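have a look at this prediction, sequence included:
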Amino acid sequence: MISLNRSSFLNNTRISGSGSYSISRVQRKGPVSVRVVALGSNGRAGEGNAAVLAEKNKLKEMREESESPSSSSTLIDDVDSKPTVAGGVRDVYGEDSATEDQFVTPWSVSVASGYSLLRDPHHNKGLAFTIRERDAHFLRGLLPPTVASQDLQVKKMMHNIRQYQVPLQKYMAMMDLQERNQRLFYKLLIDNVEELLPIVYTPTVGEACQKYGSIFMRPQGLFISLKEKGKILEVLRNWPEKNIQVIVVTDGERILGLGDLGCQGMGIPVGKLSLYTALGGIRPSACLPITIDVGTNNEKLLNDEFYIGLKQKRATGQEYAELLDEFMMAVKQNYGEKVLIQFEDFANHNAFDLLAKYGTTHLVFNDDIQGTASVVLAGLVAGQKLVGGTLADHRFLFLGAGEAGTGIAELIALEMSKQTKAPLEETRKKIWLVDSKGLIVSSRKESLQQFKKPWAHEHEPIKELVDAVKAIRPTVLIGTSGVGRTFTKEVVEAMASINEKPIILALSNPTSQSECTAEEAYTWSQGRAIFASGSPFPPVEYDGKVFVPGQANNAYIFPGLGLGLIMSGAIRVHDDMLLAASEALAAQVSQENFDRGLLYPPFTNIRKISAHIAANVAAKAYELGLATRLPEPKDLVKYAESCMYSPAYRNYR
């Protein structure tokens with residue numbers, strides 16, 4: 001067998017004995033074409049059967065010499081020793097002639113032209129290849145004669161996707177497109193973001209994760225399990241792209257409001273990174289989704305024959321910590337100091353610890369704690385134009401005291417402290433949290449988890465949410481409980497009796513876990529509520545008026561935040577950057593949006609919004625001395641827009 005190593009390809013090395021093979025690279029802009037040519041003993045391309053026969057004889061002589069005990073030559077198999085049928089392609093690597101139990105080498109020469117080009121998602125354009133490109137890249141006959149523009153392809157794909165009645169089918173169609181034609185996928189998503197966002201992200205991605213083992217087709221991203229302990233750096237180097245800028249990683253323990261989905265949580269990093277590209281303009285090749293598989297405590301998955309992860313209980317304690325530590329060190333070693341690592345859907349007991357542990361050594365960000373907080377704060381800042389006053393004039397009551405609830409509460413307190421110059425300990429007292437045991441009060445402090453203790457204020461214990469509403473008299477009610485229908489009619493009516501315009505945010509995902517629906521919030525408040533949710537709800541008509549519910553979707557924040565960190569070369573994430581992102585998003589809500597009762601701008605302008613968020617975040621990074629890309633651009637918004645990936649097709653030579 002002929003041995004072709006990496007250096008042979010890169011350096012055009014000639015592999016020779018008496019006869020030889022040469023690998024030559026044809027340099028082109030656009031796709032690269034690699035040609036393998038058989039050479040005669042004089043170094044020139046063989047001509048016809050005579051050259052092939054001569055080459056065969058030379059190879060036989062070499063093999064006979066190598067079989068001699070004294071020979072130290074490398075064994076080369078006779079590639080032409082078996083005739084082919086009807087003049088077909090010879091079985092050069094012996095794969096077809098091998099029996100099923102014999103080992104063969106998975107030879108592959110990447111040729112971005114012809115049949116292979118149509119199956120390369122990075123370069124494939126489908127029917128958009130021009131006649132000139134079809135001639136230049138050996139596509140004649142491999143495509144129908146019609147040449148279709150990218151816009152026409154988008155129109156056709158949207159028509160096809162709309163034929164599906166089940167959201168999961170639409171999700172699978174989108175994932176299939178991403179694997180076939182990457183640029184068309186992102187063009188489709190950008191041009192139809194409001195319609196397709198619920199498909200590639202919440203709520204449909206939650207169902208996709210639940211059924212990931214059944215719908216799993218082609219692997220996306222890296223799966224790092226306990227079996228890779230001690231080899232994580234090696235695993236990272238298996239990923240084909242080397243210039244990674246953003247990693248979204250999950251261990252699958254707390255996927256949305258669906259609980260422990262183990263290895264099947266991969267749908268979340270894949271979906272998040274699709275939005276990093278579509279909404280924030282981070283190039284796809286710079287994005288890496290990773291799932292860390294330490295097992296699952298979900299008995300249903302452990303007993304599911306289609307489950308694709310480790311079938312064991314979750315690793316905890318030192319074993320878990322050592323694996324995560326090796327992962328974090330390997331990422332920095334392989335990709336450098338400035339790679340952004342976004343923690344996603346880790347359980348509370350790990351999420352806060354990981355953020356605290358690595359926040360001072362890595363560029364890390366937890367979307368559930370910090371991203372959710374930033375987008376909710378933006379809605380509250382914008383909402384002041386609807387209800388009047390300042391943040392400090394409000395009282396906040398949360399149902400849910402996990403990573404989302406406490407993260408939002410802390411960022412609200414930080415913003416109030418910034419606005420009023422009051423100590424953080426004072427602004428926290430305007431914020432109250434209810435967990436599964438009732439109102440968090442000082443008498444419970446000894447039994448509370450560390451991240452809940454700052455919210456334990458002086459008050460008598462209260463068990464029920466409705467009683468807490470009546471006692472605390474909040475102006476803002478925020479749900480992060482992950483438990484559906486907990487904002488009952490009695491709770492919403494109590495909020496409406498206290499406030500002329502109660503702000504009600506039902507943030508739990510997916511839709512089935514939302515604390516109340518948009519229709520319930522508007523109906524039970526007699527159309528006076530200012531409402532937003534985590535997952536999308538359709539418009540609601542009440543008393544002759546149409547209400548358009550807002551969506552406090554993290555997708556408003558994290559793509560722009562990531563772009564700002566990358567374009568400034570930031571080395572750490574600071575709380576002030578999150579405040580800057582919130583303020584930038586709030587500033588994008590127009591009067592027209594307010595007139596419709598919206599707390600957030602429409603997603604149709606999301607790339608423009610992301611550019612403004614990125615500019616604000618980058619400006620803060622430069623101000624704090626955390627930016628490394630110098631000098632600072634004069635116009636950060638224009639610079640952000642210039643950095644964004646465009647999914648438009650490229651022209652090939």
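Great, that's in hand.

strands of the stretch 451-600 of the chain, start to end?
476-479, 503-506, 530-533, 540-542, 545-547, 550-551 (DSSP state E, counting those that start in this stretch).

which residues are in contact with the fifth one?
Looking back up the chat, that one is strand 545-547. Ala518, Tyr522, Gly527, Phe531, Pro539, Val540, Glu541, Gly597 (C-beta atoms under 8 Å, 6 or more residues apart in numbering). The C-beta positions use only the backbone N, C-alpha and C, and glycine is treated the same way.

do the fourth one as well
Applying C-beta under 8 Å, 6+ apart, the set of residues contacting strand 540-542 from outside is Ala518, Glu519, Tyr522, Thr523, Gly527, Val546, Phe547, Pro549.

re the thing from before, turn the strands of the stretch 451-600 of the chain into CSV, columns for mean pLDDT and mean neighbour count.
Shown next, in CSV, are those (pLDDT from 0 to 100; neighbours: other C-beta atoms under 10 Å):
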stretch, mean pLDDT, mean neighbour count
strand 476-479, 97, 28
strand 503-506, 96, 28
strand 530-533, 94, 26
strand 540-542, 93, 15
strand 545-547, 91, 14
strand 550-551, 90, 26
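
redo those as JSON lines? Include distance to Ala330.
Listed next are the strands of the stretch 451-600 of the chain as JSON lines, based on distance: least, C-beta to C-beta, whole Å:
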{"stretch": "strand 476-479", "distance to Ala330": "38"}
{"stretch": "strand 503-506", "distance to Ala330": "39"}
{"stretch": "strand 530-533", "distance to Ala330": "38"}
{"stretch": "strand 540-542", "distance to Ala330": "49"}
{"stretch": "strand 545-547", "distance to Ala330": "49"}
{"stretch": "strand 550-551", "distance to Ala330": "36"}
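
of the ones you listed, which is nearest His122?
Closest approach to His122 among the strands of the stretch 451-600 of the chain is made by strand 550-551 (31.9 Å; C-beta to C-beta).

can you list the strands that the closest one pairs with?
Sheet pairing of strand 550-551 (DSSP bridges) gives strand 530-533 (parallel).

only alpha carbons, please: show the strand it pairs with as PDB.
Taking Å, rounded to 0.1, in the frame of the first residue of the first chain, the C-alpha atoms of strand 530-533 are listed here in PDB:
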ATOM      1  CA  ILE A 530     -47.100  44.700  30.100                       C
ATOM      2  CA  PHE A 531     -46.100  41.200  29.200                       C
ATOM      3  CA  ALA A 532     -43.100  39.300  27.900                       C
ATOM      4  CA  SER A 533     -42.200  35.700  27.800                       C
END
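
just the residues contacting it, thanks.
The contact list for strand 530-533 (C-beta under 8 Å, 6+ apart) reads 379, 383, 386-387, 501-507, 511, 514, 518, 521-522, 547, 549-552, 597, 599-600.

report the buried members of the residues you listed.
379, 383, 387, 502-507, 511, 514, 518, 521-522, 547, 549-552, 597, 599-600 (16 or more other C-beta atoms under 10 Å).

excluding chain neighbours, give the residue nearest to Lys227 in space.
In space, Lys227 comes closest to Leu310 once its chain neighbours are excluded; the distance is 7.6 Å by C-beta to C-beta, 6 or more residues apart in numbering.

per-residue pLDDT of that neighbour, please?
Model confidence at Leu310, expressed as pLDDT, equals 97.

just the element for it, please.
Assessed by DSSP states H and E, Leu310 sits outside every helix and strand.

check contacts around it.
So Leu310 contacts Ser225, Leu226, Lys227, Gly262, Cys263, Asp293, Val294, Gly295, Thr296 (C-beta under 8 Å, 6+ apart).

go with 6 Å
Contact criterion C-beta atoms under 6 Å, 6 or more residues apart in numbering gives Ser225, Asp293, Gly295 as the residues in contact with Leu310.

where neighbours are concerned, which of those residues has the most?
Greatest neighbour count in the contacts of Leu310, by other C-beta atoms under 10 Å, goes to Asp293: 26 neighbours.

quick one: contacts for that residue?
Residues counted as contacts of Asp293 (C-beta under 6 Å, 6+ apart) are Ser225, Cys263, Gly309, Leu310.

switch to 8 Å and redo it
Asp293 sits in contact with Phe223, Ile224, Ser225, Leu226, Asp251, Gly252, Gly262, Cys263, Gly309, Leu310, where contact means C-beta under 8 Å, 6+ apart.

measure it to Glu326 for me?
Noted for Asp293: a distance of 14 Å to Glu326, by C-beta to C-beta, to the nearest Å.

thinking Ile408 is in contact with Thr480, fair?
Yes: when contacts are counted by C-beta atoms under 8 Å, Ile408 is listed as touching Thr480 (6.8 Å).

between those two, what contacts are shared?
Common neighbours of Ile408 and Thr480 (C-beta under 8 Å, 6+ apart) are Thr372, Phe398.

what sits against the closest residue to Glu464 other than its chain neighbours?
Distances taken as C-beta to C-beta, 6+ apart place Gly438 nearest to Glu464, at 7.4 Å, with adjacent residues excluded. Taking C-beta under 8 Å, 6+ apart, we find Gly438 in contact with Pro461, Ile462, Lys463, Glu464, Ala468.

neighbours around the residue nearest to Leu118 when sequence neighbours are not counted, how many?
The shortest distance from Leu118 to any non-neighbouring residue, by C-beta to C-beta, 6+ apart, is to Asn124 (5.6 Å). Other residues near Asn124 number 20, with proximity taken as other C-beta under 10 Å.

who are the contact partners of Asn124?
Residues in contact with Asn124 (C-beta under 8 Å, 6+ apart) are Leu117, Leu118, Arg180, Asn181, Gln182.

residue contacts, the residue nearest to Ala422 when sequence neighbours are not counted?
Excluding the flanking residues, the one nearest Ala422 by C-beta to C-beta, 6+ apart is Met416, at 7.0 Å. Going by C-beta under 8 Å, 6+ apart, Met416 touches Leu391, Ala392, Ala422, Thr427, Lys430.

A helix includes Met416, no?
Yes: when DSSP: H, G, I helix; E, B strand; the rest coil is applied, Met416 is found to be in a helix.

per-residue pLDDT of it, please?
96.

how much space separates it from His394?
Going from Met416 to His394 by C-beta to C-beta gives 9 Å.

okay, and the common contacts of those two?
Lys430.

low-confidence ranges, the stretch 551-653 of the chain, go.
The model of the stretch 551-653 of the chain has no residue with pLDDT under 70.

likewise for the chain?
Those would be 1-95, 104-111, if you go by pLDDT under 70 across the chain.

what residues go with each domain of it?
Following the TED database, one finds the domains of the chain at 114-191, 203-366, 375-552, 560-630.

out of these, nearest to Tyr652?
Nearest to Tyr652 among those is domain 114-191 (5.1 Å), distances taken as C-beta to C-beta.

for the closest one, the distance to its chain's centre please.
In terms of C-alpha atoms, centre = their mean, to the nearest Å, the centre of domain 114-191 is found 22 Å from the chain centre.

okay, now that domain: how far is its last residue from its first?
The straight-line separation of the ends of domain 114-191 (C-alpha to C-alpha, to the nearest Å) is 29 Å.

stretch 218-233 now?
Stretch 218-233 has an end-to-end distance of 23 Å (C-alpha to C-alpha).

for the residue nearest to Glu464, list each beta-bridge partner.
Going by DSSP bridges, Gly438 forms beta bridges with Asp435.

from Asp467, how far out is it?
Counting by C-beta to C-beta - Gly438 and Asp467 are separated by 9 Å.

in a helix, that's where Ser443 is, yeah?
Yes: with three-state DSSP as the criterion, Ser443 is assigned to a helix.

number of residues surrounding the spatially closest residue to it that is not a sequence neighbour?
Setting aside the residues directly before and after it, Ser443 is nearest to Pro461 in space (C-beta to C-beta, 6+ apart), at 6.4 Å. Counted by other C-beta under 10 Å, the residues lying close to Pro461 total 11.

and for Lys332?
17.

report the contact partners of it.
Val339, His362.
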